[in-house]
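In: starting from these lines, generate the structure:
(chains A and B)
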Amino acid sequence: MSVNQIRWTKIVPFALLVTMLGGVAAGCSSGTNNDGNAGGSETEAAVSETGYPITDEPITLQVWAPIHPNATQYIKSYSENEAYMELEKRTGIKIEFIHPAQGQEQESFNLMIASGEVPDIIIGANRYVGGANKGVRDGVFADLTPYLEQYAPDYYKLVTTDEEVKRQVTNDEGGFPAFYMIKPEQDPPFRRIILREETLKSVQMEEPRTIEDYEKFFKAVKESKGVAPYALLGSGLEDQFMGPFGVVSNFFLKDESTVAFGQTEPAFREYLTLMNKWYTEGYINKDFAGLKTPQVLALFDSGKAEMYVDAIVGSFNRGKQLGQTYVSAPYPRVNPDDKVRYMPLEQVAQPGQETVVAASSKHIKEAIRWLNYAYSEEGAMLFNYGIEGKTYNMVDGKPQYTDYILNNPKFGTDNANFILKVHFAPKLQYTDIASNPNLAKSPESAAIRMKWADDPNVDSSMFLPTLQLTSEESDERAKIMTEVNTYCNEMVLKFILGVEPLSKFDDYVSQVKKLGIDKAVSLTQAAYDRYLTK
Amino acid sequence: MELAKTPGAKRNPNAKVSRLRKDIVMNKYVYLMALPVIAYFLIFHYAPIGGLVIAFQNFSAFKGIGGSDWVGLQHFQDFLTSPYAFRVIRNTLMINVYQIIFGFPAPILLALLLNEIRVQLFKRAIQTISYMPHFISLVVICGMLVDFTQSEGVINDIIVFFGGERANLLMDTDLFRTIFVSSGIWQEVGWGSIIYLAALSTLDPHLYEASSIDGAGRFRQLVHITFPALVPTILILLIMRMGHIMSEGFEKIILLYNPLTYETADVISSYVYRRGIQEANYSFGAAVGLFNSSINFIILLAVNYLSRKYAKESLW
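Out: This is a model prediction of the structure:
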């Protein structure tokens, strides 16, 4: 090595090293403060205060919204969605969609907020740390309360006529932080235990109902097919097998009014005992702890598993393509006539599509009026069914889908849901039974969704509604829950695998208590009590 | 930094400046070419150092660095008093120690072996094949690993062939580090050997001639000529590697671990990822990052000092 080379090798690594140390701090750019022009103060000559089109001037609004994976196979942006294109014509407002990369929605959202350049409208704003309401309090999002009655009359009417709905969409002070997807009529639950009809026939059984039936089914399948029948979720937590023992995962309502944490309840031990037994007997897939949904589906479709839990209609249609009949089972219970209290709660104001308007937007009123359109009768038809004459026709006063959406030559019905109409958005949502082309496709797929929906012994009384925590509460709870979840997730799997004996369950509970679970429960209880008295 | 001081630093500063000016005038095009690189480091690596203050704040992106509340050492305290602090620090250290013991010598061995190959075509083919895994995306590599280690996977087929029992290897706490480190070696060994091969290419062939005249065989040549030529490079790289002993990126960890293997797999960065990034608690992340870097830096200084004292090789 020449002298020059030696020097070079000495200097460069050192420079690199220093910069690497410095790099730790990179990525933390400062957020610029938006000048707090929260709107409302400016008076504006009213051109057209209500009605559509909203404006005859060319206005462009930026909308941040995650794009559904079913759409991205065929379109790059919701601007290419036919319903949104029609919406642009009707409202006179041009929309520029900003879509985060799939799977990185949370990170993209955080970055967008940190950059200080907040688009006019944000869909899915509960990603804001502490919730959309915290964003309003921080002055990032506009408080919608003063605008709604005047500029979003359709939405306002929908959410204020019913006290329960009003409670779901307002914060503790009775203000409106966000638009919610509103679904006045509920559908039967979509997440079901899925089995193969052929397998049930081959072991001469009906759909299992009780835990005992499941054990019988597993035993028979194990003996006749030699596979581990049940592809349990990677977390080891399945509410449909926990529920029968009177417990569900995470925070839930123990007895109509008391909040509890599922993973530390005595009943949870019964669930773990059952899962441990099933695992030891070889009823649960050996690899379950690392399984992700696509792998579970592949296992089931290829016959290496005989049972899993997922969306029923999608599964049914997939099975049909493979030439098989997938069927669903009712909610399991211990005794055949036990009451099931763990059906997932469907609120009128559905979580997930919380939509806010940026406080810094120059067009707050227009944005609110644009959002309101999806709650008007005319707008809801466009969002839920697409364009009349193209995707649907009115037959005897009822919309009926055309072949254009049901059997589109370019993309399947599942994709059409996101390309020819608007499936997920802040809107007045009609039921799947009425408006989902997937269900309209064949009477069987509608029937499979309706199956078990007539069970009178089922309700959702164990589930908490969406609660509003104050920012201090949510900070404190989040801190506790990170530690608790790390510990519980680890221990739950160890109990199921038998790495830890169930006799250690009490030690486990006291360890979770040490991590502060009681405090987290009481914070949640306080938020629930506030919700009730709101 | 006492260690970095050299006698030269005490010379008259004016003389230095004028010398630099002269040098710039003389080599102006070289300096011009270096300019973008210097700017890059200043803008992207030095300017953000100021952002470290958020480690002492409750940083809120919207309030900005200027407006966020100061909390002092709160985040450092939170981290060190967390029930998992010991475990994640231990796991980070263990994985790094494994990597240094098993992963660090691997490319050196490969380079020495490749250097002995006389058939150029064969040598190049081996090199190209061994580089290849380096260019496969980590996500793909981990996807393959997950498939291979499943109870129905290829590795289990081999285990069963030799009379073992099927089990998911990634669900076994004891195997996580082995899988993690060995797959890392497989992926990076070829790429890592490049720098050693480059060092060997400057070796004077006369040394080999002279030694063979003296009667040295291939093995003696390897021990007394080839290996000593690599020692400076090895030491420099080892010192730099030691400077990362408290770091392990979270990407590969979170792609391979599951709650069952937290016991051996959960490292500082994956813990911070769950707590800091997913909940947008940037201050906590920055505090842990600063804590890590400080320890790394101290270790680096210590190793560098020892190396200079005993091996006469050092970064500065």
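In: which parts of the stretch 101-250 of chain B sit against chain A?
Out: By CB under 8 Å from any CB of the partner chain, the residues of the stretch 101-250 of chain B that approach chain A are B:146, B:150-152, B:166-168, B:170-171, B:173, B:199, B:202, B:229, B:232-233, B:236, B:240, B:243. Backbone N, C-alpha and C define where each C-beta goes, glycine included.
In: helices - which of the residues you listed land there?
Out: B:Val146, B:Ala199, B:Ala229, B:Pro232, B:Thr233, B:Ile236, B:Met240 (DSSP state H).
In: tell me which residues of stretch A:207-226 are tucked away?
Out: A:207-211, A:213-215, A:217-218, A:220-222, A:225 (16 or more other CB atoms under 10 Å in any protein chain shown).
In: burial of A:Ile433, as a residue count?
Out: 16 (other CB atoms under 10 Å in any protein chain shown).
In: could I get the full set of strands for the stretch 151-300 of chain B?
Out: For the stretch 151-300 of chain B, no strands are identified by DSSP state E, counting those that start in this stretch.
In: which helix or strand in chain B has the lowest average pLDDT?
Out: helix B:64-67 (a mean of 79; mean pLDDT, DSSP states H and E).
In: tell me which helix or strand comes right after it.
Out: The first helix or strand that comes after helix B:64-67 along the chain, using DSSP states H and E, is strand B:69-70.
In: near chain A at all, that following strand?
Out: No - Strand B:69-70 is not in contact with chain A by CB under 8 Å from any CB; minimum separation 12.1 Å.
In: partner strands of that strand, with direction?
Out: strand B:57-58 (antiparallel) (DSSP bridges).
In: so how far is the strand it pairs with off the chain centroid?
Out: 30 Å (CA atoms, centre = their mean, to the nearest Å).
In: A:Lys339: how many residues sit nearby?
Out: Counted with other CB under 10 Å, A:Lys339 comes out at 11.
In: doesn't A:Trp370 make contact with A:Tyr155?
Out: No - using CB atoms under 8 Å, A:Tyr155 is not in contact with A:Trp370, being 11.4 Å away.
In: can you tell me the centre-most residue of chain A?
Out: Closest to where the C-alpha atoms of chain A average out (CA atoms, centre = their mean) is A:Gly352, at 5.4 Å.
In: OK, contacts around it?
Out: Contacts for A:Gly352 (CB atoms under 8 Å, 6 or more residues apart in numbering or on different chains) come out as A:Gly124, A:Asn126, A:Met181, A:Phe424.
In: where along the stretch 151-300 of chain A do the strands fall?
Out: Counting by DSSP E, counting those that start in this stretch, the strands of the stretch 151-300 of chain A are A:179-182, A:191-196, A:251-253, A:259-261.
In: now the residue in the stretch 151-300 of chain B that chain A sits nearest to: closest residue in space that isn't a chain neighbour?
Out: Per CB to the nearest CB, B:Pro259 is where the stretch 151-300 of chain B lies closest to chain A, at 3.7 Å. Using CB to CB, 6 or more residues apart in numbering or on different chains and skipping the chain neighbours, the partner closest in space to B:Pro259 is A:Asn489 (3.7 Å).
In: wait, a helix at that neighbour?
Out: Yes - counting by DSSP: H, G, I helix; E, B strand; the rest coil, A:Asn489 is part of a helix.
In: relative to B:Tyr131, how far out is the nearest residue to B:Asp174 once chain neighbours are set aside?
Out: In space, and not counting its chain neighbours, B:Asp174 is closest to B:Thr264: 7.3 Å by CB to CB, 6+ apart. B:Thr264 sits 30 Å away from B:Tyr131, going by CB to CB, to the nearest Å.
In: counting neighbours, go ahead and name the busier of these two.
Out: More crowded of B:Thr264 and B:Tyr131, by other CB under 10 Å: B:Thr264, with 20 against 16.
In: quickly note the distance from that one to B:Leu170.
Out: According to CB to CB, B:Thr264 and B:Leu170 sit 11 Å apart.
In: so what's the residue nearest to the spatial centre of chain B up against?
Out: Geometric centre of chain B, nearest residue: B:Arg241, 5.1 Å, by CA atoms, centre = their mean. Counting by CB under 8 Å, 6+ apart, B:Arg241 touches B:Ile100, B:Phe104.
In: one more time with 10 Å
Out: By CB atoms under 10 Å, 6 or more residues apart in numbering or on different chains, the contact list for B:Arg241 reads B:Asn96, B:Gln99, B:Ile100, B:Gly103, B:Phe104, B:Leu300, B:Val303.
In: in JSON lines, list the residues you listed along with pLDDT and neighbour count.
Out: Listed next are the contacts of B:Arg241 as JSON lines, based on pLDDT from 0 to 100; neighbours: other CB atoms under 10 Å in any protein chain shown:
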{"residue": "B:Asn96", "pLDDT": "94", "neighbour count": "20"}
{"residue": "B:Gln99", "pLDDT": "94", "neighbour count": "21"}
{"residue": "B:Ile100", "pLDDT": "94", "neighbour count": "16"}
{"residue": "B:Gly103", "pLDDT": "94", "neighbour count": "19"}
{"residue": "B:Phe104", "pLDDT": "95", "neighbour count": "16"}
{"residue": "B:Leu300", "pLDDT": "91", "neighbour count": "21"}
{"residue": "B:Val303", "pLDDT": "91", "neighbour count": "20"}
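In: what's the farthest-apart pair in these?
Out: Spanning the widest gap among those are B:Gly103 and B:Leu300, at 18.4 Å by CB to CB.
In: tell me where the model's unsure across chain A.
Out: A:1-50 (pLDDT under 70).
In: what about the longest strand in it?
Out: If you go by DSSP state E, chain A has its longest strand at strand A:349-357.
In: quick revisit: let me know the closest of the ones in helices among the residues of the stretch 101-250 of chain B next to chain A to B:Arg275.
Out: Closest approach to B:Arg275 among these (CB to CB): B:Val146, at 24.5 Å.
In: how many neighbours does the closest one have?
Out: By other CB under 10 Å, the residues close to B:Val146 number 21.
In: then B:Phe297?
Out: Neighbour tally, B:Phe297, other CB under 10 Å: 15.
In: again with the one 10 residues further on
Out: B:Ser307 has 18 neighbours, counted by other CB under 10 Å.
In: nearest residue to it in space, please, no chain neighbours.
Out: B:Ser314 (5.1 Å).
In: did I read that right, that neighbour in a strand?
Out: No - counting by three-state DSSP, one finds B:Ser314 to be coil, located in no strand.
In: chain A - how does it break down into domains?
Out: Per automatic domain parsing, the structural domains of chain A span A:59-184+A:349-382, A:191-342+A:462-533.
In: B:Phe135: which of those domains is closest?
Out: Nearest of the domains of chain A (CB to CB): domain A:59-184+A:349-382, 21.9 Å.
In: most remote residue from chain B's center?
Out: B:Ile213 (41.0 Å).
In: got a pLDDT number for it?
Out: pLDDT recorded at B:Ile213 is 91.
In: what separation do you get for it and B:Ile95?
Out: Going from B:Ile213 to B:Ile95 by CB to CB gives 47 Å.
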